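Trainee: What follows is a predicted protein model with its sequence.
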Amino acid sequence: MTAAIDIIVSDPKEADLLKGAVFADGTLSEDFARSLETKSNFVLLSDAAIDLGGPGRSAVFLKYDTIAAPDFAAALISDIEAEELGLYLRVSGKNLNDELFYLVVQNFRSFLKATGVMVKGSEDELWVRISKKSPLLSERPLLRLAQLLSKRIKDEFQEVTSVGVLITQGESGSYTRIKKSAETYSKKSETLKAKVWEQRGFNFNECHVLGHCGKCSDKKLCANVRRIGRLSEVQRESEKE
């Protein structure tokens with residue numbers, strides 16, 4: 001493990017957020033990462049060792065920048081019995097842009113899924129349930145989950161040169177700051193979505209689900225957008241249940 005001051009040297013806000021956190025020493029081993037490859041879509045509460053987050057008790061804040069920044073995977077547990085879950089994720093790389101960041105935003109929950117780990121949520125909410133049989137329980141599960149997220153993002157996006165991940169449990173000062181920032185993040189993510197789809201030649205705010213209207217670049221794109229919209233609606237309804 002290492003202290004925050006040894007890692008964070010450039011961003012005072014990030015350093016403040018990480019006060020009191022425990023940091024992973026090095027990267028996740030390939031063998032351990034392979035043991036987590038199978039993604040669980042559902043874990044029963046009766047089979048769960050850890051059940052964190054969900055509506056009203058979670059917060060997510062994602063950001064990206066194009067300047068050099070340090071790598072870290074960290075966890076901050078202020079109350080081992082608490083259910084509040086916070087996630088701070090920063091990706092960096094000189095070639096990053098809105099399109100790539102949008103893909104990170106769309107996929108980070110999938111990257112968190114692992115053997116015996118169920119992940120749900122939308123927008124600025126996150127729900128993580130870890131099975132009693134998950135390999136993550138062998139040592140510091142939230143810290144290892146942070147490492148796994150970092151590794152999978154780097155493996156998927158070569159443009160990402162560094163990743164900073166903090167996962168919090170309990171109502172710490174860091175969780176409160178993440179939750180406050182999450183409201184802004186939620187609004188910005190919608191703006192980002194509109195901007196990215198506009199660059200692709202499509203205004204999803206004006207899309208009609210009845211068929212191709214001729215405004216976007218091609219019928220295939222339009223069909224894909226409608227499919228994404230339907231799947232998103234189904235996901236939202238299932239999460240309400």
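Mentor: Yep, that arrived. Numbers count the residues shown, from 1 in each chain.

Trainee: Show me how the record splits this structure into domains.
Mentor: 4-192, 200-241 (automatic domain parsing).

Trainee: Show me the shaky parts of the chain.
Mentor: 1-10, 185-187, 200-241 (pLDDT under 70).

Trainee: all strands for it, in order.
Mentor: 22-23, 48-53, 58-65, 72-77, 85-92, 117-120, 127-131, 162-169 (DSSP state E).

Trainee: For residue 37, which of those is the nearest?
Mentor: Residue 37 lies closest, by CB to CB, to one member of the strands of the chain: strand 117-120, at 11.3 Å. No exception for glycine: its C-beta is placed from N, CA and C like everyone else's.

Trainee: Now that closest one: buried residues?
Mentor: Residues 117-120 are the ones in strand 117-120 that count as buried (16 or more other CB atoms under 10 Å).

Trainee: which among those gets closest to residue 51?
Mentor: Each of those was checked against residue 51 using CB to CB; the closest is residue 118, at 9.3 Å.

Trainee: Across the sheet, point out what pairs with that closest one.
Mentor: residue 129 (DSSP bridges).

Trainee: so who does it touch?
Mentor: By CB atoms under 8 Å, 6 or more residues apart in numbering, residue 118 lies in contact with 40-43, 127-131.

Trainee: How much space separates the closest residue to residue 102 other than its chain neighbours from residue 87?
Mentor: Computed as CB to CB, 6 or more residues apart in numbering, the closest residue to residue 102 that is not its neighbour in sequence is residue 196, at 4.6 Å. As defined by CB to CB, to the nearest Å, residue 196 lies at a distance of 22 Å from residue 87.

Trainee: show me the residues around residue 142 that make contact.
Mentor: Residue 142 makes contact with 75, 77, 167, 169, according to CB under 8 Å, 6+ apart.

Trainee: One more: residue 167?
Mentor: 74-76, 85-87, 142-143, 145-146.

Trainee: For the closest residue in space to residue 77 that isn't next to it in sequence, grab the count of nearby residues.
Mentor: Nearest residue to residue 77, sequence neighbours excluded (CB to CB, 6+ apart): residue 169, at 4.5 Å. Number of residues near residue 169 (other CB atoms under 10 Å) recorded here: 23.

Trainee: For residue 169, list each beta-bridge partner.
Mentor: If you apply DSSP bridges, the partners that residue 169 bridges to are residue 77, residue 85.

Trainee: Surely it is in contact with residue 59?
Mentor: No. With contact defined as CB atoms under 8 Å, residue 169 does not reach residue 59; the gap is 11.8 Å.

Trainee: Between those two, which contacts overlap?
Mentor: With CB under 8 Å, 6+ apart as the test, residue 169 and residue 59 both reach 84-86.
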